[in-house]
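Peer 1: Provided below are the primary sequence and the corresponding predicted coordinates.
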Amino acid sequence: MKRILISTALIVSLILPVAAQEKEQKLKELEQLEQKAEQVTPPDTLVATEEEYEVVTGEVDDASRVKIGEVVTIEETGDETVIRIGKRGVRINEEGDDTEITFGKEDNDEEFSEEKPSKSFEGHLGGPEFGYNSYSTGKWLKNETPMEGYLDLNTAKSSSFNIVLPPVSLGITRHFGLVTALGINFNNYRFDGNNTIMVDGEGVITPSYPAEPIMYDKSKLATVYGILPVMLEVQIPVSHGSTINLGAGMVGAVKLGSHTKVVYHDDGKQKDKNRDDFNLNVLRYGVTARAGYEMVQVYGTCYLSPMFEKGKGPELYPFEIGIALTFND
């Protein structure tokens, strides 16, 4: 009850000066009206319609409550004190020597709830990504020279999978900003012919064929890269807080591993895996873009650096397209 009386005194001390100021303002307005109408009011007569402030105290449901007019209510229940001013309020919770103060407002059910801050910019990056990958003989997907036959891919089975960590977002405005994240990129280049690849004695990538009459059931080159995309993203609000998201930027990558794998039948099912670097560039860079609605995005990445080291393999430029799911909404 002591906290209630102190809180009441503080609120009354704030309200009374405001009421006095309002009364003085009204007196000035009355004097101006009297001068215009040339009416004389006796000096000892005061006309005012100031609303009186009523203070009511009582016990309601084991709670002490103080009500000041129709606006201010102070309620104490155990170790908790709630001060409401209109639809907003303050909750003071005391537990031992600790005091917790939260600010909030009443919701539709007239229950006091903590007020949440307005949503800030959050980029749509981070989560699993599923797609297809391939390569071209020139930048920007331009096949400037004919592809060597042993490099032909089974496009439907050449897949990519990325896992991207939760992003870091830097908002320039609420719906526009910079977003980046670390991730891992897995690529499977499924060869369409009865061959795999190897590094010959001169350190150059060449095709490798099985001994007759063996036929490969599966042959692929697999790569693993760590990736770091950095994008600018704009969000277009549509309805009920949902947005259409458009992003574009650069991506860098560093090689973590690579291997070839073949599956065939020779006195039973056989699997051969060859772990090598295959003259793949350790570092590569490219451009990436994505567009989507809320958590579902369509993305594309095109690398501008060649897949293999210069002079040690065919000049190829990897790219991939797919669908990304983001879980930051």
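Peer 2: Yes, it's here.
Peer 1: Can you give me the domain boundaries for the chain?
Peer 2: Per the record, the chain has its domains at 2-114, 127-325, by automatic domain parsing.
Peer 1: Comparing these by mean pLDDT, which bottoms out?
Peer 2: Considering the domains of the chain one by one, the lowest average pLDDT is found for domain 2-114, at a mean of 60.
Peer 1: Report how many residues lie close to Thr260.
Peer 2: 20 (other CB atoms under 10 Å). The way it works is simple: take the backbone N, C-alpha and C, and place the C-beta from them, glycine included.
Peer 1: And what about it, helix, strand or coil?
Peer 2: Using DSSP: H, G, I helix; E, B strand; the rest coil, the structure places Thr260 in strand.
Peer 1: May I have the beta-bridge partners of it?
Peer 2: When bridges are called by DSSP bridges, Thr260 pairs up with Leu221, Asn274.
Peer 1: Now name the helix or strand holding the residue nearest the centre of the chain.
Peer 2: Centroid-nearest residue in the chain, with CA atoms, centre = their mean: Glu122, separated by 3.5 Å. For Glu122, there is no enclosing helix or strand under DSSP states H and E.
Peer 1: Mean neighbour count, the domains of the chain: which tops it?
Peer 2: domain 127-325 (a mean of 16; mean count of other CB atoms under 10 Å).
Peer 1: what's the helix or strand hosting Ile83 packed up against?
Peer 2: Assigned by DSSP H and E, Ile83 belongs to strand 80-85. The contact analysis (3 or more CB pairs under 8 Å, 6 or more residues apart in numbering; DSSP states H and E) places strand 80-85 against helix 2-37, strand 72-77, strand 88-95.
Peer 1: Quick check: beta-bridge partners of Ser169?
Peer 2: Val179.
Peer 1: how far away is it from Ile236?
Peer 2: 17 Å (CB to CB, to the nearest Å).
Peer 1: again with Gly292
Peer 2: With CB to CB as the criterion, Gly292 and Ile236 are 11 Å apart.
Peer 1: got any residues that touch both of the two?
Peer 2: Ile244, Asn245 (CB atoms under 8 Å, 6 or more residues apart in numbering).
Peer 1: Just checking: what are the partner strands of the strand or helix carrying Ala324?
Peer 2: According to DSSP H and E, Ala324 maps onto strand 317-325. Applying DSSP bridges to the sheet, strand 317-325 is found paired with strand 127-136 (antiparallel), strand 296-303 (antiparallel).
Peer 1: following the longest one, which helix or strand comes up?
Peer 2: Counting by DSSP H and E, the element after strand 127-136 in chain order, helix or strand, is strand 159-164.
Peer 1: Mind listing the strands that following strand pairs with, and their directions?
Peer 2: For strand 159-164, pairing defined by DSSP bridges yields strand 127-136 (antiparallel), strand 183-190 (antiparallel).
Peer 1: Now tabulate those strands in TSV and tack on distance to Gly177.
Peer 2: Conversion of these to TSV gives the following (distance: least, CB to CB, whole Å):
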stretch	distance to Gly177
strand 127-136	18
strand 183-190	19
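Peer 1: rewinding a little: using CSV, write out every CA atom in the strand holding Ile83.
Peer 2: The C-alpha coordinates for strand 80-85 follow below in CSV (Å, rounded to 0.1, in the frame of the first residue of the first chain):
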residue,chain,number,x,y,z
GLU,A,80,3.7,-6.5,-8.5
THR,A,81,2.5,-3.0,-9.1
VAL,A,82,0.8,-1.9,-12.4
ILE,A,83,0.3,1.7,-13.3
ARG,A,84,-2.0,2.4,-16.2
ILE,A,85,-2.3,5.8,-18.0
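Peer 1: Now do that strand and strand 72-77, the angle between them.
Peer 2: 170 degrees (axes from the mean of the first three to the mean of the last three CA atoms, to 10 degrees).
Peer 1: Centre of the chain to strand 80-85, how far?
Peer 2: 35 Å (CA atoms, centre = their mean, to the nearest Å).
Peer 1: same thing with stretch 122-135?
Peer 2: On CA atoms, centre = their mean, the centre of stretch 122-135 falls 14 Å from the chain's centre.
Peer 1: Stretch 142-152 too?
Peer 2: Distance, centroid of stretch 142-152 to centroid of chain: 40 Å (CA atoms, centre = their mean).
Peer 1: residues making contact with the helix or strand encompassing Lys271?
Peer 2: Using DSSP H and E, Lys271 maps to strand 269-275. For strand 269-275, contacts defined as CB under 8 Å, 6+ apart pick out Thr196, Met198, Gly257, Ser258, His259, Thr260, Lys261, Val262, Val263, Tyr264.
Peer 1: any idea which of the residues you listed is the one closest to Ser159?
Peer 2: Closest approach between the contacts of strand 269-275 and Ser159, by CB to CB: Lys261, at 13.7 Å.
Peer 1: what's near enough to touch that closest one?
Peer 2: Lys261 sits in contact with Lys218, Ser219, Lys220, Ala222, Lys271, Asp272, Lys273, Asn274, where contact means CB under 8 Å, 6+ apart.
Peer 1: Just the closest of the residues you listed to Ser160, please.
Peer 2: Taking those together and measuring to Ser160 by CB to CB, the closest member is Ala222, at 10.5 Å.
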